[in-house]
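Engineer: Sequence and predicted structure below; questions after.
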Amino acid sequence: MKIVCIKEYKSQGLQLELTYGKIYDAKGSPYLESLPLDWDNYWIINDRDKLEYYSKNDFITLEEWRERKINELYD
């Protein structure tokens, strides 16, 4: 599933792991193969090329992102 980061991370050392507006591929949990996507988290490969989990609240689907950007053009 394609998801887009909607959280603006402030760079403090190596804490800048995600980029606002960047498209990521949501992965299933590497520990629970029977559970493709965790309930509250997405597993993604971050900007440091590490597989980590992040809150679903920090992302929207690619379709929602496109709709948001179209609506911004009309506002």
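Structural biologist: Arrived safely, thanks for sending.

Engineer: okay, and for this structure, where does confidence drop off?
Structural biologist: Applying pLDDT under 70 to the chain flags residues 10-16, 31-39.

Engineer: now with 50?
Structural biologist: Residue ranges of the chain with pLDDT under 50: none are present.

Engineer: Quick check: phi and psi at Asp7.
Structural biologist: Small correction: residue 7 is Lys, not Asp. The phi/psi pair for Lys7 (degrees, to the nearest 10) reads phi -100, psi 140.

Engineer: Next one: the closest residue to it other than its chain neighbours from Asp75, what distance?
Structural biologist: Closest residue in space to Lys7, ignoring its immediate chain neighbours: Asp58 at 4.1 Å, by Cβ to Cβ, 6 or more residues apart in numbering. C-betas here are computed from N, CA, C, even on glycine. Applying Cβ to Cβ, to the nearest Å, the value for Asp58 to Asp75 is 23 Å.

Engineer: Between the two, point out the one with more neighbours.
Structural biologist: Using other Cβ atoms under 10 Å, the more surrounded residue of Asp58 and Asp75 is Asp58, with 18 against 5.

Engineer: quick one: the helices in the chain?
Structural biologist: Remark: helices assigned in the chain by DSSP state H are 62-74.

Engineer: Give me the buried stretch members for stretch 48-68, please.
Structural biologist: By neighbour count with 16 or more other Cβ atoms under 10 Å, stretch 48-68 contains the buried residues 54, 58-60, 65.

Engineer: My read is that Arg68 contacts Ile60, right?
Structural biologist: Yes. Counting by Cβ atoms under 8 Å, Ile60 is a contact partner of Arg68 at 7.3 Å.

Engineer: rewinding a little: ok, the residue nearest to Lys7 - contacts?
Structural biologist: Going by Cβ atoms under 8 Å, 6 or more residues apart in numbering, Asp58 touches 5-7, 18.
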